[in-house]
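S.K.: The amino acid sequence is not available; the structure is as follows:
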Ligand code: NAD
């Protein structure tokens, strides 16, 4: 069994708190490593060292910082297979899916190569007689990211890329469930030329998170994870005067209109509902067919597709559609929610409860489930299940379907499948959800747009990656300069408009 570490000042360092968490191989159920859980003192030390390293990095010109990003892209491509294997071993997702996880992070690093352009300020020549005015975007100093288990490469890269490209030092507190890839990412940044101390990885749990939130040096915190923790971190971070953005849980609805191509809609639902065992914040967990006939046709097409899904370990290669869920606790929670759906009277059209995988009986595998005739009062509709469970809520009309998506407390992603441009346009315009797909089930924006949910799926006012991330990780300074001789005429005491 391996003992993992933290990553401080360019080296892996052992934990000293004496506290550890088990890291499982979810396919076998075995503990494969222990990750140290940092004490407050360890977190404070990593932050102090980052603060010492940041000024030189912040003063490095943006083009040189961009060159580090260029090299990171090269190294991520070089190490793609190694990273994907480590990722699948701890998370459980299939290798192609793990590569997608890395690729979607890598694309944000590609975007960050544009830092010199993105950091250009604004300039007004001749704002008044002899007066120029300009704004510059400066790094915040030391900033931090706290990330979830389900994208252990992509989400840390979404945060560290822009934060570092802007000239900040970055403290990453990754998920304690799959910490190996974040440590490997830190090594890649160092190899790419990032100075020691500018990127620190502290592993840990609530103690480490609280230490980050209460440390006065940390200027901004970006969080991704479940909604209760997002709300906690948002409130506590703001209370301590930090800039905070938190992204939370989801319950993404896909509306299927009567005119949709039903085969394409069913294929899309199966991929978006069961890929990564449903452990994606952009997974579709609710299908909303409009009209009884649409619902019957859709369910008829879904059932054989779902029954044919291949569930297994990532080591089985291409022969697997999705793997285990992350922990025994996650599996137990999904099973409890499935039972609550049955008890509440939803129809279990595909029943995965007896699923067993020979040779992997101790793995955290969950068979695929499809619920039909789910109603909004049921727990399986209100709660995020985060497993391979798709619920069908039958809507009588388009307006009813739209209202379902609008009334749900989460607002991360949503989709509509239709051939009707007017319905699609109306949906995109009116729905109160942050990311919308039109005949696209998982509308994750590309790196140069921004990612963020609404309602209980997002706290704060700027999104992740894209131009918003450069705003989040910098602050604006505006200079008004009269230069060189206007002051000779004597001081001005009135607060006045420019002549
Ligand atoms: P989680 O909330 O359990 O953990 C996220 C992070 O918070 C981890 O680093 C964890 O160590 C830390 N944490 C956990 N409990 C804490 C506590 N009591 N105090 C302080 N910190 C704590 O989430 P998870 O299970 O790792 O990830 C799954 C969740 O993340 C799902 O709800 C999913 O929808 C959400 N998610 C959202 C997005 C998005 O962009 N909206 C993206 C991915 C995942």
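M.R.: Nice, thanks for sending it over. Quick caveat: nothing in here was measured; it's all calculated off a predicted structure. Numbering: from 1, shown residues only.

S.K.: Phi and psi next, for the closest residue to the ligand within the stretch 1-150 of the chain.
M.R.: Going by Cβ to the nearest ligand atom, the ligand is nearest to residue 148 of the stretch 1-150 of the chain, at 3.1 Å. To be clear about C-beta, it is placed using only N, CA and C from the backbone, and glycine gets the same treatment. Per-residue torsions, residue 148: phi -90, psi 180 (degrees, to the nearest 10).

S.K.: Just list the residues touching the nearest residue to it once chain neighbours are set aside, thanks.
M.R.: Leaving out its chain neighbours, the residue that sits closest to residue 148 by Cβ to Cβ, 6 or more residues apart in numbering is residue 225, at 4.3 Å. Residue 225 makes contact with 146-148, 175, 247-248 under the criterion Cβ atoms under 8 Å, 6 or more residues apart in numbering.

S.K.: So residue 225 versus residue 20, what's the distance?
M.R.: 21 Å (Cβ to Cβ, to the nearest Å).

S.K.: Locate residue 32 within the secondary structure: which element?
M.R.: Assigned by DSSP states H and E, residue 32 belongs to strand 30-36.

S.K.: and that strand, which residues are buried?
M.R.: Buried residues in strand 30-36, defined by neighbour count with 16 or more other Cβ atoms under 10 Å: 33-36.

S.K.: Would you mind listing what in this protein touches the ligand?
M.R.: 146-151, 173, 175-176, 205-206, 209, 224-226, 229, 247-250, 281, 384, 386, 412, 453, 457 (Cβ under 6 Å from any ligand atom).

S.K.: Mind giving me the ChimeraX command for buried ones among these?
M.R.: Buried subset of the residues of the chain next to the ligand, written as a ChimeraX selection, criterion 16+ other Cβ under 10 Å:
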select :146,147,148,149,150,151,173,175,176,209,224,225,229,247,248,249,250,281,384,386,412,453,457
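
S.K.: any idea of the mean pLDDT for whichever strand or helix holds residue 232?
M.R.: For residue 232, the element it lies in under DSSP H and E is helix 227-239. For helix 227-239, mean pLDDT is 98.

S.K.: which residues are contacting that helix?
M.R.: With Cβ under 8 Å, 6+ apart, helix 227-239 has contacts from 146, 209-210, 213-214, 221, 223-224, 244, 246-249, 384, 410, 456-457, 459-460.

S.K.: Stretch 336-353 now?
M.R.: So stretch 336-353 is contacted by 299, 302-303, 306-307, 335, 366-375, 377-380, 383, 385, 387-389, 391-392 (Cβ under 8 Å, 6+ apart).

S.K.: ok, of the residues you listed, which come out buried?
M.R.: Counted by 16+ other Cβ under 10 Å, these give 299, 302, 306, 335, 366-372, 374, 378, 380, 385, 387-389, 391-392 as buried.

S.K.: quick one: which of the residues you listed sit in strands?
M.R.: Assigned to strands by DSSP state E, the following of the buried ones among the contacts of stretch 336-353 qualify: 369-372, 389, 391-392.

S.K.: wait, which of these is closest to the ligand?
M.R.: Of all those, residue 389 has the smallest distance to the ligand: 13.9 Å, by Cβ to the nearest ligand atom.

S.K.: Okay, and the beta partners of the closest one?
M.R.: With DSSP bridges as the criterion, residue 389 is bridged to residue 369.

S.K.: Quick one: residues contacting it.
M.R.: With Cβ under 8 Å, 6+ apart, residue 389 has these contacts: 278, 285, 334, 337-338, 341, 368-371, 380.

S.K.: Output these as JSON lines; include the columns distance to residue 466 and pLDDT.
M.R.: Putting the contacts of residue 389 into JSON lines (distance: Cβ to Cβ, whole Å; pLDDT from 0 to 100) gives the following:
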{"residue": "278", "distance to residue 466": "26", "pLDDT": "98"}
{"residue": "285", "distance to residue 466": "25", "pLDDT": "98"}
{"residue": "334", "distance to residue 466": "33", "pLDDT": "98"}
{"residue": "337", "distance to residue 466": "34", "pLDDT": "98"}
{"residue": "338", "distance to residue 466": "37", "pLDDT": "98"}
{"residue": "341", "distance to residue 466": "37", "pLDDT": "98"}
{"residue": "368", "distance to residue 466": "34", "pLDDT": "98"}
{"residue": "369", "distance to residue 466": "35", "pLDDT": "98"}
{"residue": "370", "distance to residue 466": "35", "pLDDT": "98"}
{"residue": "371", "distance to residue 466": "35", "pLDDT": "98"}
{"residue": "380", "distance to residue 466": "34", "pLDDT": "98"}
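
S.K.: wouldn't residue 362 be in contact with residue 26 here?
M.R.: No: here residue 362 lies out of contact with residue 26, judged by Cβ atoms under 8 Å, at a distance of 10.1 Å.

S.K.: Neighbour count: the two, which is higher?
M.R.: Legend: neighbour count by other Cβ atoms under 10 Å for residue 362 and residue 26, higher for residue 26 (31 against 13).

S.K.: Quick check: the more buried one touching residue 360?
M.R.: No: using Cβ under 8 Å, residue 26 is not in contact with residue 360, being 9.8 Å away.

S.K.: Common neighbours of these two, please.
M.R.: In contact with both residue 26 and residue 360: residue 324, using Cβ under 8 Å, 6+ apart.

S.K.: Now intersect the contacts of residue 225 with the strands, please.
M.R.: Those of these lying in strands (DSSP E): 146, 247.

S.K.: Tell me which two of the contacts of residue 225 sit farthest apart.
M.R.: Using Cβ to Cβ, those span at most 14.8 Å, a distance reached by 175 and 248.

S.K.: Now the chain against the ligand: closest residue?
M.R.: residue 225 (2.6 Å).

S.K.: Relative to residue 368, how far out is that residue?
M.R.: 25 Å.

S.K.: all helices of the stretch 251-400 of the chain, in order?
M.R.: Here the stretch 251-400 of the chain has its helices, by DSSP state H, counting those that start in this stretch, at 262-274, 292-307, 328-344, 379-382, 398-407.

S.K.: what about the stretch 251-400 of the chain, any weak spots by pLDDT?
M.R.: By pLDDT under 70, the stretch 251-400 of the chain has no low-scoring segment.

S.K.: same thing but at 90, please
M.R.: Applying pLDDT under 90 to the stretch 251-400 of the chain flags the ranges 317-319.

S.K.: Identify the residues contacting the residue lying closest to residue 274 once chain neighbours are set aside.
M.R.: In space, residue 274 comes closest to residue 388 once its chain neighbours are excluded; the distance is 4.8 Å by Cβ to Cβ, 6+ apart. Taking Cβ under 8 Å, 6+ apart, we find residue 388 in contact with 273-274, 277-278, 309, 311, 322, 325, 334, 352, 366-369.

S.K.: let's see 7 Å
M.R.: By Cβ atoms under 7 Å, 6 or more residues apart in numbering, the residues touching residue 388 are 274, 277-278, 322, 352, 366, 368-369.

S.K.: do you know how far it is from residue 407?
M.R.: Separation of residue 388 from residue 407 (Cβ to Cβ) stands at 25 Å.

S.K.: a markdown table please, covering the buried residues of strand 30-36 and showing distance to residue 419 and pLDDT.
M.R.: Below are the buried residues of strand 30-36 laid out as a markdown table (distance: Cβ to Cβ, whole Å; pLDDT from 0 to 100):
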| residue | distance to residue 419 | pLDDT |
| --- | --- | --- |
| 33 | 50 | 98 |
| 34 | 54 | 98 |
| 35 | 49 | 98 |
| 36 | 55 | 98 |
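
S.K.: And the furthest pair within these?
M.R.: 33 and 36 (10.5 Å).

S.K.: Overlap of the contact sets of these two?
M.R.: With Cβ under 7 Å, 6+ apart as the test, residue 33 and residue 36 both reach residue 4.

S.K.: Pull out the buried positions in whichever helix or strand comes after the strand holding residue 32.
M.R.: As assigned by DSSP H and E, the chain's next helix or strand after strand 30-36 is helix 40-59. By 16+ other Cβ under 10 Å, the buried positions in helix 40-59 come out as 40, 42-47, 49-51, 53-54, 57-58.
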